[in-house]
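Trainee: fold the stuff below for me.
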Amino acid sequence: MTIPIVIAHRGVPGERLEHTRASYEAGIAQGADYIEPDLVCSSDGVLIVRHENEIGGTTNVAEHIEFAGRRTTKFIDGVPHTGWFTEDFTLAELKTLRTKERLPALRPQNMPLNGSAEILTFDEVLDIAERANVDRDVPVGVYVETKHPTYFAAIGSDLNDLLIANLERRGQNNADAKVIIQSMEVGNLQRLRPRTPLPLIQLMDRTGAPYDLVETHDRRTYADLTTPTELAKIAEYAQGIGPNKSQVIARDRLARLTKDTGLVDDAHAAGLLVHIWTMRNENNFLPTNLRIGVRKSKPGDAIAEYLAFFEVGVDGVFSDFTATAVSARQTWLAGPSQQPKPRLRRAPRASRTKR
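Mentor: Predicted coordinates for the structure are as follows:
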């Protein structure tokens, strides 16, 4: 039996401000196998950890009068965004900012933490893992996502180059390092393949397409990438896929959890791991048939959702609530006597080869 890994998605943002030291340390303390930083970069070429390069929604930059003139509008992956962007600030300037809750309506419990933490660099996240591993028999790993690589390359900041240089300097670009690299784009992972022995994961979403394919007028979508033919191509450069969870178990028109799409079986047949995103406790993110009550910010039956995905064979889960993910995994490993596993209808084979 393969034991699914638990990835602390930006730490434990359900209980701490995402991408902060306290968040990553909580993920480690709660039993995560990996902690996950999203990487963007500063104007002086330092990899920093933020959900997006636009930081108006995750920091107090708007309160800094000295940075008012840097508010601007940019097209990121073809979509206009207005705010403040990491690539317009030096690391020293970014370090003067403080983080804040990105989803205040859904996570009011984190609001008192606003202003308590600084922006971290990738080096600092590696430091957190290193310190935690001093007394651990099984080391915690770092599961890296490079954000908007095509955009950053176009403005002269190659995230691949920055990442490899950083890993080399830290002695982490080797087969023994517990580091995984993921991306929503395709070409940057293909270019990374000859530069690193580390596992690569092709992220996918339920809609849209990798932006580098859009840029080159390649008409393949994320849905196209889930077909057996495309999965075989992914296996030539990556060790796994990171699909949106609804690509693995479908939802019906009422957003209820329904059936196994067969993607896990198809990916395993191609020799690929499957790490799904993102598992969360709040009703807002759960299938409607697993919600408890009507308040979107309140927890629903998240354990049942985990059990459903473990049952169809996923190899890992990204979670905003590490303790819940670890508890669900323990329940699943203990077997059906502990809690019934959801029974899902299988999609017909024909529908599983065309997504």
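Trainee: who is residue 183 paired with across the strands?
Mentor: residue 202 (DSSP bridges).
Trainee: number the residues from 25 up from this point.
Mentor: Renumbered: residue one is now 25, and that last one reads residue 207.
Trainee: distance check, it against residue 168.
Mentor: 9 Å (C-beta to C-beta, to the nearest Å). Every residue, glycine included, has its C-beta placed from N, CA and C.
Trainee: next one: residue 262
Mentor: From residue 262 to residue 168 the distance is 14 Å (C-beta to C-beta).
Trainee: got it, and residue 237?
Mentor: With C-beta to C-beta as the criterion, residue 237 and residue 168 are 21 Å apart.
Trainee: who's more crowded, those two?
Mentor: Using other C-beta atoms under 10 Å as the criterion, residue 237 and residue 168 rank with residue 168 on top: 27 against 19.
Trainee: ok, and the closest non-adjacent residue to that one?
Mentor: Counting by C-beta to C-beta, 6 or more residues apart in numbering, residue 205 is the residue found nearest to residue 168 once chain neighbours are left out, at 5.1 Å.
Trainee: show me what the helix or strand hosting that neighbour is packed against.
Mentor: Per DSSP states H and E, residue 205 falls inside strand 203-207. Helices and strands touching strand 203-207, by 3 or more C-beta pairs under 8 Å, 6 or more residues apart in numbering; DSSP states H and E, are strand 165-170, helix 211-216, strand 224-227.
Trainee: switch the cut-off to 7 Å
Mentor: strand 165-170, strand 224-227 (3 or more C-beta pairs under 7 Å, 6 or more residues apart in numbering; DSSP states H and E).
Trainee: quick one, it and strand 165-170 angle?
Mentor: 20 degrees (axes from the mean of the first three to the mean of the last three C-alpha atoms, to 10 degrees).
Trainee: can I get the CA coordinates of strand 203-207 in CSV?
Mentor: Extracted as CSV, the C-alpha positions of strand 203-207 are listed here (Å, rounded to 0.1, in the frame of the first residue of the first chain):
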residue,chain,number,x,y,z
VAL,A,203,12.8,18.8,-2.7
ILE,A,204,10.1,18.6,-5.3
ILE,A,205,9.5,21.2,-8.0
GLN,A,206,6.1,22.0,-9.5
SER,A,207,4.6,24.4,-12.1
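Trainee: got a list of contacts for it?
Mentor: 58, 165-170, 173, 191, 196, 213, 216, 222-225, 227, 266 (C-beta atoms under 7 Å, 6 or more residues apart in numbering).
Trainee: repeat the analysis, applying 8 Å as the threshold.
Mentor: 58, 165-170, 173, 187, 191, 196, 213, 216, 220, 222-227, 266 (C-beta atoms under 8 Å, 6 or more residues apart in numbering).
Trainee: same check on stretch 83-102?
Mentor: Against stretch 83-102 from outside (C-beta under 8 Å, 6+ apart): 76-80, 104-109, 112-113, 117, 120-124, 138-139, 143, 172, 174-175, 235, 238.
Trainee: rerun at 7 Å
Mentor: So stretch 83-102 is contacted by 79-80, 104-109, 112, 121-124, 139, 143, 172, 175, 235, 238 (C-beta under 7 Å, 6+ apart).
Trainee: in it, what counts as buried?
Mentor: Buried residues in stretch 83-102, counted by 16 or more other C-beta atoms under 10 Å: 83, 85, 91, 98, 100-101.
Trainee: pLDDT weak spots in the stretch 275-379 of the chain?
Mentor: 361-379 (pLDDT under 70).
Trainee: any idea how far residue 353 is from residue 223?
Mentor: Residue 223 sits 20 Å away from residue 353, going by C-beta to C-beta.
Trainee: let me redo that: residue 122
Mentor: Residue 122 is 34 Å from residue 353, by C-beta to C-beta.
Trainee: likewise residue 77?
Mentor: 33 Å.
Trainee: repeat for residue 227
Mentor: 22 Å.
Trainee: what's the answer for residue 135, then?
Mentor: The value you get for residue 135 to residue 353, if C-beta to C-beta is used, is 30 Å.
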